[in-house]
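J.: here is my input, please return the structure:
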Amino acid sequence: MRVFLAGATGAVGRLLVPELVAAGHQVTGLIRRPEAAERLRSQGADSVLADIYDAPAVAAAVAAAEPDVVMHQLTDLANRDYAGNVEIRKVGTRNLVDAALGAGVRKVIAQSIAWVYEPGVQPATEETPLDVGADGARLNSVAGVVALEEIVAEAPEWVVLRYGLFYGPGTWYTKGALMDDAVRAGKLAPTADVTSFLHIADAATAAVQALEWPTGPVNIVDDEPVPGSVWVPAFARSVGAAEPAAVEAERAPWARGADNHYARKHLKWTPRYPSWREGFVA
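T.: Residues are numbered from 1 along each chain as shown. Below is the predicted model of the structure:
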């Protein structure tokens, strides 16, 4: 297939491009800086320069690539710009999907997240409603995800990858990165909140497989949702930091984790790291 990839040089994209090429796909990556072109060339991919907020430029880039599939792996979190990330989910997604539809592309695959489900006790499935009743900063995040998923669903065929919390190379959760610093500074609390993790390599593999998946949202998370009281000390050990003391606090009602049954049993996706327990060590 011919794949147009927005986010080709991000944390997922850096691993995804070589996997797509190895699988025999022709990849064109959308880049913002000319110097990124050489990286893609070295991975066997083409590149096109355009700003995701420049709708005509994005439309021209997609049309020139003549893709079979448009894939959206864009985020704006390198500098913890949460407002910018919401903007890219709303405006960037709008521009990218409009470009895909204008070029006659039938399928769009997009990155979403698995921690915006409504409050509950059990890990959320794909049928669980999103948390549109949230407030404050969480509502902004949920609104960005809702906008992204609604826009993507305008395509004739689409897959929304609701990823778990990334860890591994190029993410915040790895040695020498943001959360390593946070746990050493005592700013990563081992609470009762439940998280579903995902190794970044498993995110890339799922995106490749999604080229063949049917329309719909899919939870792409590991097998073991886990409370912070368990994973935070394990993460601290994995980066060589002291284990923080437990925090007595009730679980946030929405911090319930997500269930990967559909991806594993029906789509035959098998994570390389079934649990954060092996992944943190690796």
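J.: what packs against the lowest-mean-pLDDT helix or strand in the chain?
T.: Lowest by mean pLDDT, DSSP states H and E among the helices and strands of the chain is helix 82-87, with a mean of 88. Contacts defined by 3 or more CB pairs under 8 Å, 6 or more residues apart in numbering; DSSP states H and E place helix 82-87 against helix 136-152. Placement of C-beta: from N, CA and C, glycine included.
J.: starting at the chain centroid, how far to the helix it packs on?
T.: 14 Å (CA atoms, centre = their mean, to the nearest Å).
J.: pLDDT below threshold where in the stretch 51-200 of the chain?
T.: With pLDDT under 70 as the threshold, the stretch 51-200 of the chain has low-confidence stretches at 78-79.
J.: and the strands in it?
T.: Listed in chain order, the strands of the stretch 51-200 of the chain (DSSP state E, counting those that start in this stretch) span residues 69-72, 107-113, 157-163, 165-167, 194-195, 197-199.
J.: format those strands as CSV; extra columns: mean neighbour count.
T.: CSV is the format used below for the strands of the stretch 51-200 of the chain (neighbours: other CB atoms under 10 Å):
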stretch, mean neighbour count
strand 69-72, 28
strand 107-113, 25
strand 157-163, 24
strand 165-167, 22
strand 194-195, 23
strand 197-199, 28
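J.: figure out which of those strands is closest to Val247.
T.: Checking the strands of the stretch 51-200 of the chain against Val247 by CB to CB gives strand 194-195 as the closest, at 14.2 Å.
J.: what ranges does the stretch 1-150 of the chain have for its helices?
T.: 11-22, 36-42, 55-65, 82-87, 93-102, 136-152 (DSSP state H, counting those that start in this stretch).
J.: also the stretch 151-282 of the chain?
T.: With DSSP H, counting those that start in this stretch, the ranges of helices along the stretch 151-282 of the chain come out as 178-184, 200-209, 228-238, 261, 276-281.
J.: same for the third one, what does it pack against?
T.: The reference is to helix 228-238. In terms of contacts (3+ CB pairs under 8 Å, 6+ apart), helix 228-238 is packed against helix 178-184, strand 194-195, helix 276-281.
J.: please redo it, this time with the cut-off set to 6 Å
T.: Packing partners of helix 228-238 (3 or more CB pairs under 6 Å, 6 or more residues apart in numbering; DSSP states H and E): helix 276-281.
J.: on that earlier part again, could you dump the strands of the stretch 51-200 of the chain into TSV and include distance to Leu96?
T.: Output for the strands of the stretch 51-200 of the chain, formatted as TSV (distance: least, CB to CB, whole Å):
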stretch	distance to Leu96
strand 69-72	6
strand 107-113	8
strand 157-163	12
strand 165-167	21
strand 194-195	29
strand 197-199	23
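J.: can you tell me which of the ones you listed is nearest to Pro233?
T.: Of all these, strand 194-195 comes closest under CB to CB, at 13.5 Å.
J.: list the contacts of the closest one.
T.: The contact list for strand 194-195 (CB atoms under 6 Å, 6 or more residues apart in numbering) reads Leu165, Pro225, Pro227, Ala255, Arg256, Gly257.
J.: and what of stretch 157-177?
T.: Stretch 157-177 is touched from outside by 11, 106-114, 149, 152, 178-179, 195-200, 203, 210, 213, 215, 217-221, 239, with contacts defined as CB under 6 Å, 6+ apart.
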